[in-house]
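**Q** what would the 3D arrangement of this be:
(one chain, ligands or ions: 3)
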Amino acid sequence: MRRISIFGATGSIGENTVDLIARDPGAYRVVALTGGRNVARLAAQARALGAEIAVTAHDDCLAPLRAALAGTGIAAAAGADAIAEAAARPVDWAMSAIVGAAGLVPGLRVLEQGGTLALANKESLVCAGALVMGTAAARGGRVLPVDSEHSAVFQALRGEDMAAVERIIITASGGPFRDWPAERLATATPEQAVAHPNWAMGQRISVDSASMFNKALELIETREFFGIDPDRIEVLVHPQSIVHAMVGFADGGLMAHLGPPDMRHAIGHALHWPDRRALPVERLDLARLARLSFEAPDPARFPALRLAREVMAAGGLAGAAFNAAKEVALDHFLDRRIGFCDMAVVVEATLARLSGESGLQFAPDTLEKVLAMDHLARQRAREVIGSRYG
Ligand SMILES: NC(=O)C1=CN([C@@H]2O[C@H](COP(=O)(O)OP(=O)(O)OC[C@H]3O[C@@H](n4cnc5c(N)ncnc54)[C@H](OP(=O)(O)O)[C@@H]3O)[C@@H](O)[C@H]2O)C=CC1
Ligand SMILES: CC(=O)[C@@H](O)[C@H](O)COP(=O)(O)O
Ligand SMILES: [Mn+2]
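**A** Ligands and ions are numbered 1, 2, ... in the order given. Next comes the predicted model:
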């Protein structure tokens, strides 16, 4: 039986992972499940899968979690340290599906004990790509992509020589505001931003898709995952979200990965890799789809992609700063304290402020450095918001 843990079990990726695991309960021994405020769901998952321990991120959720698990023998714990401790329990495979930079430490703990980390939490690579990949290499761990584009690239690269790769193209749906003129974008509300046209996802990544910050994070994720020069990574808007990525080779061949917008494909691929097993996803009917379209992204309405390229050029801890500033800006947009287009303004101004201080140039090679920059960038982003938006 494979020992597995799921970090962020109560979220969109977590639920899809639980769905796959629950279809073959005899194959897995579930060690740890973690969640945030949704303790009723976390307890139900822990009971259904017979987990060893369930951990909530929030201390004030511990009492209801304990109550929901009473009499089961399943341990309960709370807090970021408890999640990190649960992640240090040896497993063969773990899903990293906490949202935001909070996903970094549990993923590192899994890799430190030589486990396989299925990585949905793209923020880990944006903040600390060198540290994450370096830890995996040093400790015999492995990182498998779960983000749909990166899973697609990984599959297209199977058996290929990276030296023959000319370019990687990741697709972007364009989100709910793909056709909106700039003046209208400024009026976009959180409710409109979360209404993704193709994917059912958590609130934060849905807003990031609308602003293209999701694709900006994914550009950096591509660089860190596949070690490819940023000049060779392209973003292509593809409103149908059927082609997830393409890899172009030196001989001009272009390998595309197609699939329905269902994350159980990418999760299942990472779960069963290196095997391919049957998965409960729809089989594409291309004749019915009839048309797949592509267009270039608009840098004027969606400046996040330009910012990501500037971050990659800057290197060092710029990725950690970028992600932290984006998380703060997103919180303020969700709280209606800044507008939709202000998110990019805040991120750019925060990076500009930090570039005048020391720290951004340090390599992201220790957790302490990464967390210190994360903390500083959040502080600077709040100062930017305070000075610009009162
Ligand atoms: N959803 C998708 O299809 C895709 C998601 N991803 C990435 O996967 C990750 C998860 O996304 P998604 O599942 O949509 O997100 P959700 O918001 O649906 O779920 C997030 C999970 O993390 C928990 N959580 C929230 N904050 C914290 C915290 N501070 N500490 C510990 N746990 C916390 C939540 O708990 P609770 O809900 O109980 O409060 C929940 O279990 C993100 O990094 C996202 O970018 C990548 C590709 C596709
Ligand atoms: C499912 C997935 O991988 C998301 O990251 C997806 O890419 C979001 O859609 P966008 O292409 O709109 O960002
Ligand atoms: Mn993606």
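**Q** just the closest residue of the stretch 201-350 of the chain to ligand 2, please.
**A** In the stretch 201-350 of the chain, the residue that lies nearest ligand 2 is residue 209 (3.4 Å; CB to the nearest ligand atom). C-beta here means a position set from N, CA and C on the backbone, and glycine is covered the same way.
**Q** I should have written the stretch 1-150 of the chain there, sorry.
**A** residue 148 (3.3 Å).
**Q** what's the neighbour count on that residue?
**A** Using other CB atoms under 10 Å, residue 148 has 24 neighbouring residues.
**Q** may I have the phi/psi pair for it?
**A** Residue 148 adopts backbone torsions of phi -60, psi -40, taken as degrees, to the nearest 10.
**Q** just use 857 as the starting number from now, easier for me
**A** Renumbered: residue one is now 857, and that last one reads residue 1004.
**Q** quick one: contacts for residue 1223?
**A** The contact partners of residue 1223, taken as CB atoms under 8 Å, 6 or more residues apart in numbering, are 960, 961, 964, 984, 987.
**Q** narrow these to those in helices?
**A** Residues of the contacts of residue 1223 located in helices (DSSP state H): 960, 961, 964, 984, 987.
**Q** quick one: which of the residues you listed is the most crowded by neighbours?
**A** Going by other CB under 10 Å, residue 984 tops the ones in helices among the contacts of residue 1223 with 31 neighbours.
**Q** now whichever residue of the chain sits closest to ligand 3, nearest residue through space, not along the chain?
**A** Going by CB to the ion, ligand 3 is nearest to residue 1003 of the chain, at 4.3 Å. Using CB to CB, 6 or more residues apart in numbering and skipping the chain neighbours, the partner closest in space to residue 1003 is residue 978 (5.4 Å).
**Q** ditto for residue 924
**A** residue 899 (3.4 Å).
**Q** so for the helix or strand containing the one you found, what's the average pLDDT?
**A** Residue 899 belongs to helix 895-905 when assigned by DSSP states H and E. Taken as a whole, helix 895-905 has a mean pLDDT of 98.
**Q** can you name the residues of the stretch 1107-1246 of the chain sitting close to ligand 1?
**A** residue 1119 (CB under 6 Å from any ligand atom).
**Q** what ranges do the strands span in the stretch 1107-1246 of the chain?
**A** Assigned by DSSP state E, counting those that start in this stretch, the stretch 1107-1246 of the chain shows strands spanning 1110-1114.
**Q** helices of that one, residue ranges please.
**A** 1120-1128, 1142-1145, 1160-1170, 1174-1190, 1198-1211, 1223-1245 (DSSP state H, counting those that start in this stretch).
**Q** buried ones in the longest one?
**A** Along helix 1223-1245, these residues count as buried under the neighbour rule (16 or more other CB atoms under 10 Å): 1225-1227, 1229-1230, 1232-1234, 1236-1238, 1240-1241.
**Q** can you check the third one too?
**A** For helix 1160-1170, the neighbour count (16+ other CB under 10 Å) marks 1160, 1161, 1162, 1163, 1164, 1165, 1167, 1168, 1170 as buried.
**Q** how about residues contacting it?
**A** So helix 1160-1170 is contacted by 1067-1069, 1071-1073, 1075-1076, 1079, 1086, 1091, 1153, 1155, 1174-1175, 1177-1178, 1200, 1203-1204, 1207, 1211, 1216-1217 (CB under 8 Å, 6+ apart).
**Q** thinking again about what came up before, name the nearest of the ones in helices among the contacts of residue 1223 relative to residue 1245.
**A** residue 960 (28.4 Å; CB to CB).
**Q** can you pull the contacts of that closest one?
**A** 977, 979, 980, 983, 984, 988, 1223, 1226.
**Q** quick one: strands adjacent to the helix or strand following the helix holding residue 899?
**A** Sequence order places strand 909-912 as the next helix or strand after helix 895-905, per DSSP H and E. Each strand paired with strand 909-912, and its direction, by DSSP bridges: strand 884-891 (parallel), strand 931-934 (parallel).
**Q** for the record, mean pLDDT for strand 909-912?
**A** On average, strand 909-912 scores 99.
**Q** hmm, that strand touching ligand 1?
**A** No - figure legend: strand 909-912 not in contact with ligand 1 (CB under 6 Å from any ligand atom); closest approach 7.3 Å.
**Q** that strand: how far from the chain's middle?
**A** 21 Å (CA atoms, centre = their mean, to the nearest Å).
**Q** in the helix or strand following that strand, which residues are buried?
**A** Once the chain leaves strand 909-912, the next helix or strand it forms, by DSSP H and E, is helix 918-925. Neighbour counts over helix 918-925 (16+ other CB under 10 Å) mark 918, 920, 921, 922, 924, 925 as buried.
**Q** want to try JSON lines for those residues, with distance to ligand 3 as columns?
**A** Converted to JSON lines, the buried residues of helix 918-925 look like this (distance: CB to the ion, whole Å):
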{"residue": "918", "distance to ligand 3": "33"}
{"residue": "920", "distance to ligand 3": "33"}
{"residue": "921", "distance to ligand 3": "30"}
{"residue": "922", "distance to ligand 3": "36"}
{"residue": "924", "distance to ligand 3": "32"}
{"residue": "925", "distance to ligand 3": "33"}
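**Q** ok, of those residues, which one's closest to residue 891?
**A** For the buried residues of helix 918-925, the nearest to residue 891 is residue 921 (8.7 Å; CB to CB).
**Q** who touches the residue in the chain positioned nearest to ligand 1 in this structure?
**A** Closest to ligand 1 within the chain is residue 867: 1.9 Å, counting by CB to the nearest ligand atom. Counting by CB under 8 Å, 6+ apart, residue 867 touches 891, 953, 954, 955, 1058.
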